[in-house]
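Participant: Show me how the following folds:
(3 chains)
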Amino acid sequence: MKGHKLLWVVCLAVAMAFAVAACGGDDEGGGSGATETTTTKGAKKIDPASMDSAKGEVVYCTGKDTSGAQAQSVKDFNKEFGSQGVTAKLLEFPEAADEQRNQFIQRQRAKSGDCDIFYADVIWTAEFASQKWLYDMTPYVQEREKEFIPATFESVKYEGKFFGVPKQTDAAFIYRRTDKVKEAPATWQELYKVAAANGGMAYQGAAYEGLTVDFLEIAFAAGGEVLSGDGKKSAFNSPENVKALEFMVNGIKDGAADKAVTTYMEEQSRRAFEAGRVNIMRNWPYAYALGNMSKIKGKFEVTPFPKFEGGGTAGILGGHNLVVSAYSKNAGGALKLIDFLTSEKIMAQDAAKFSLAPVLNATYEDAAVKKALPFSAELKEAVAQAKSRPVSPVYTQMSQAIFKNVNAALGGQMEPKAAIEKADGEIAKALETF
Amino acid sequence: MEAATVERAQPRVRTKKKARATRKGTPWWMWVAVVVIVVFCLFPFYWLINISLKTGSDLSSSDLVPPSPSLSNYESIFRNDDFVRALGNSVIVSLVTTVLSLIFGSFCAYALARLRFKGKFFILGAVLSITTFPAIAIAAPIFKLWTDFGLFNTVIGLIIPYITFTLPLAIYILTSFFKEIPKDLEEAALVDGATYFQAFRKVVVPLAAPGLATAGILTFIFAWNEFLLAVTLTSSPNARTVPAAIAFFTGSTQFEQPLGTISAASVVISVPLIVAVLLFQKRIVAGLTAGAVKG
Amino acid sequence: MESASLPAGTEPRRRSRGLSQGRLAALMVSPSMVLIALVAAYPIVYAVWLSLNEYSVRVAGLSRWAGLKNYREALSDYAFWDAFKTTFIFTGASVFLELMIGLAMALAMHAAFRGQGVLRTVVLVPWAVLTVVTAIMWQSIFDPTLGLVNTLLGTDVVWLGSEPEALIVMIIADTWKTAPFMGLLILAGLQVIPDDIYEAAKVDGATAWQRFVRITLPLLKPAILVALIFRTLDALRIFDLPFVLTKGANGTNTLSLISYETFQTNRILGLGSALAVITFVVVMAVSFIYIRFVGGNIRGLAED
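Facilitator: Residues are numbered from 1 along each chain as shown, chains lettered A, B, ... in the order given. Now for the predicted structure:
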């Protein structure tokens, strides 16, 4: 009897304690109406002077270092500054962009100081800034503003402040085997025909962010849009977008691209191209340097995107910014590493040795860069003209709406028109997210 | 690699025949069934080993035997600090979970099997209802809880939920076992002046050793295997266990297709479990069928 | 050893017994109960609380009461019903296949005395392999570049990139992992059936099929039912396999997975928690239905 009573008392007490805790305040609840324009109010500001006395370890989180540039930069930084007591350490996340984001936000939500710096894709800055996960880098960026290509600041600005430092920009190209396909096609339609006759092409068709980019490159060229001019409504359900998707779906049916492309990301595309299984590829500049280290060295060429018949040309601005975690315990060290990573010396090295598109104006004029990247002039132009993806804290959901439905259409599970309509509905829903 | 040779040798072990006098000779189709079952069970694992021994361009073909087998994938994963730490974390988490789960579970099982008190059905119900819990339902709350308590990305942060999830099975198995033990020995001890707890410790527990072994091995397997909570509650080699580490493996170098190294890592983390399972196979089946077969 | 000569029903006298039964029981049961309260009970309550609120994805720290709005939203979303359908199709197909194949394996192992030792060993290998490794394994078997399956079967399908092929791969992977284990459980049940019953039936002229249906199956019922409930609940909760194989793409989204994607990837905490709670309720409902059949065993455990 006594034991039984004791048990009940304990259980009741425990239950009450937890009930009180659950209904009490917690971090994700209890706030009152903060308006959108001031969500980043009170964000920590970086102090440019802090890098002078920096000490200790700086953890540099990045996606899989497919080019090798990050590892090299970290090595160089440690060589130069190791004696001053500040060291950099590389922490690699998986290759897929979506997974990199997951890894970073998991740490931020846990308020972990695991990552001091994150090599963040340009599409995430708005989201991260709105959640107060980043340092406000304005004091540092303002001093160097003129050095950077203006287009690269679009993705780093949120509510009028700079929440990161541009590190690498990106605009994709068409890679072509010059020994198999002599001339660069002038239109997308011609490109697909040539691909179908020459073993097919590789692009990123898996259900992930990369497919959103590949699709939008064609859709924007065809004249389509994602959001209305004011960014408040979905403009995705348009004849131009349907036309673009039909074009891609027919491409697979006609053999311009193998069905397997619906499982490819950047690395699979690159390997297929390097192994000679395909002779045309759509990929970012990083694959250029790697291609020249493989068996197809010197046998391929890089050209800008062709025109879409009945439309124009378009490219999507990719790239990465360096952001500092609000929970970092070594902001000074982080800033010092960022300063190093965005210095002209490292920029030129990244471009010449690893074919990563630089963000500094001066690098495009560098002789070594011009020599290593014969397409550097086109690259600068492509970057200047590329369109950005919608800048929004709910970009992830919008992207999912696009890539899931486009992937389903490419795989033949949905008609293009139905896929575009469904995506349109999902984008509208995403825009209404609280 | 030992695992490879052990696995490939298995089919040849078939030649050791166990003579049974009571039945007629086995028909030919029985041998076919045996072969089919062996191939069905072992082929996929063999395929994994096959890939783990391939490097470079061999990885793009579907050859069933590696044209130029090499252990370089294994070498590179063992040189990978993060992977080795993940292995260490898995060992720690699994062992501690097993020990604590057995201790707490045997206490609870003894109370249920032997002691008289009200609310047994409620407790048994609460314990068994845990077996039906989808881990997803508690993943987000525990993430928040652990973040507030500073247990995020710690080994303890994983051990606590793991113990809770393995308690039901341990209690179920141990309660059945304790009930099987004749009361006489305990009664004798009690008459001799021992307390209930002493009777538990000195008489019941040694006799229930087989049950403890069964519950122990099943708990170890669960902890080693668990994925959802490992992915949600850990983020770095500090506490990450092998299932999460493998799922986010980036491969050894940027040039190498990660498939080879991921396969090697997969083989390596499977070997301890396979060895454990093979050693304890009788116990495992006995433990899981306890109560089911006897009805 | 002498048995104690206490008359039945007498309570031992309380000499230096230490704690009374009731107190000792409370103490012995408390660590387990505390853990369950902390790790299971409280989080579920908290999850329900989270599901009744909306947490802003745009503005940090902003939330508002939502009542049952998240549930209404979840239950009217085709993505949810898609995942619901997929989860039940997966559960039905894989449990059925595992049962059939497991039964076949058990019968084969029971009859094949000469191979039984090897078989019992070999058959535990799939179960011992981690679920994550199982996913990686089958992913590489169906990899389009390696093309093993397409070569063997002469097909030209992108298995993991198409619907419903991706779900088929998932079912195959799960069946491979669990059918042998089911086989072992059923074998244990088979071995308890005495030979005499079969002999008697043979004498009465029963055919092999009749013996199987009238004797074997009914006597196997307890073993099958227990195996069935554990497998069904596991299948309803499946997460590891689709997460690694396809991340839920191409028609392999399950209840656990959409809940995870909603609260972890999309950071919609309220809706994600609602989805998690719904998953919990679904699983509990199925288990209650089962307990009505197997409940006898559990009561037996609680009896003195």
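Participant: any weak-confidence spans in chain A?
Facilitator: Scanning chain A for pLDDT under 70 picks out the ranges A:1-37.
Participant: From the centroid of it, which residue is nearest?
Facilitator: In chain A, the centroid-proximal residue (Cα atoms, centre = their mean) is residue A:121; its distance is 3.1 Å.
Participant: Can you tell me the closest non-neighbouring residue to that residue?
Facilitator: Once its chain neighbours are removed from consideration, residue A:121 has its nearest residue in residue A:97; the separation is 5.4 Å (Cβ to Cβ, 6 or more residues apart in numbering or on different chains). The way it works is simple: take the backbone N, C-alpha and C, and place the C-beta from them, glycine included.
Participant: do the same with residue B:233
Facilitator: Nearest non-adjacent residue to residue B:233, counting by Cβ to Cβ, 6+ apart: residue B:157, 5.3 Å away.
Participant: That neighbour: how many residues sit nearby?
Facilitator: Other residues within reach of residue B:157 by the criterion other Cβ atoms under 10 Å in any protein chain shown amount to 23.
Participant: Work out the gap between the host helix or strand of it and the centre of the chain.
Facilitator: Take DSSP states H and E as the rule and residue B:157 turns out to sit in helix B:155-180. The gap between the average C-alpha position of helix B:155-180 and the chain average comes to 13 Å, counting by Cα atoms, centre = their mean, to the nearest Å.
Participant: so what's the residue in the stretch 101-250 of chain A that chain C sits nearest to up against?
Facilitator: Closest contact between the stretch 101-250 of chain A and chain C, by Cβ to the nearest Cβ, is at residue A:207 (4.1 Å). For residue A:207, the contact set (Cβ atoms under 8 Å, 6 or more residues apart in numbering or on different chains) comprises A:262, A:403-404, A:407, C:247, C:249-250.
Participant: can we see that at 6 Å?
Facilitator: Residues in contact with residue A:207, defined by Cβ atoms under 6 Å, 6 or more residues apart in numbering or on different chains, are A:403-404, A:407, C:249.
Participant: ok, which stretches of the stretch 151-300 of chain A are strands?
Facilitator: Using DSSP state E, counting those that start in this stretch, the strands of the stretch 151-300 of chain A run over residues A:157-158, A:161-162, A:165-170, A:173-177, A:201-202, A:280-283, A:300-303.
Participant: how about a markdown table for those strands, with distance to residue C:57 added?
Facilitator: Compiled in a markdown table, these are given as follows (distance: least, Cβ to Cβ, whole Å):
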| stretch | distance to residue C:57 |
| --- | --- |
| strand A:157-158 | 15 |
| strand A:161-162 | 20 |
| strand A:165-170 | 25 |
| strand A:173-177 | 34 |
| strand A:201-202 | 35 |
| strand A:280-283 | 32 |
| strand A:300-303 | 39 |
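Participant: so can I have a markdown table of those strands showing mean neighbour count?
Facilitator: As requested, these are arranged in a markdown table below (neighbours: other Cβ atoms under 10 Å in any protein chain shown):
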| stretch | mean neighbour count |
| --- | --- |
| strand A:157-158 | 20 |
| strand A:161-162 | 20 |
| strand A:165-170 | 26 |
| strand A:173-177 | 23 |
| strand A:201-202 | 27 |
| strand A:280-283 | 25 |
| strand A:300-303 | 19 |
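Participant: how about these, which one is nearest residue B:35?
Facilitator: If you check each of those against residue B:35 by Cβ to Cβ, strand A:201-202 wins as the nearest, at 40.9 Å.
Participant: other SSEs contacting the closest one?
Facilitator: Counting contacts by 3 or more Cβ pairs under 6 Å, 6 or more residues apart in numbering or on different chains; DSSP states H and E, strand A:201-202 packs against helix A:266-274.
Participant: So what touches the helix it packs on?
Facilitator: The list of residues contacting helix A:266-274 from outside it, by Cβ under 6 Å, 6+ apart, reads A:202, A:204, A:278, A:281, A:283, A:287, A:294, A:296.
Participant: Recalculate using a threshold of 7 Å.
Facilitator: A:66, A:95, A:175, A:202-204, A:210, A:278, A:281, A:283-284, A:287, A:290-291, A:294, A:296, B:257 (Cβ atoms under 7 Å, 6 or more residues apart in numbering or on different chains).
Participant: Next, the angle strand A:173-177 makes with it.
Facilitator: Going by axes from the mean of the first three to the mean of the last three Cα atoms, to 10 degrees, helix A:266-274 is angled at 30 degrees with respect to strand A:173-177.
Participant: quick one: buried residues of helix A:266-274?
Facilitator: Burial within helix A:266-274, assessed by neighbour count using 16 or more other Cβ atoms under 10 Å in any protein chain shown, is assigned to A:266-274.
Participant: cool, stretch C:195-202 as well?
Facilitator: For stretch C:195-202, the buried set under the neighbour-count rule, 16+ other Cβ under 10 Å, comprises C:198, C:201.
Participant: The residue nearest to residue B:233 and residue C:48, how far apart?
Facilitator: Separation of residue B:157 from residue C:48 (Cβ to Cβ, to the nearest Å): 22 Å.
Participant: picking that back up, report all helices and strands that the helix holding residue B:157 contacts.
Facilitator: Packed against helix B:155-180 by the contact rule (3 or more Cβ pairs under 7 Å, 6 or more residues apart in numbering or on different chains; DSSP states H and E) you find helix B:81-114, helix B:120-129, helix B:209-225, helix B:228-233, helix C:21-36.
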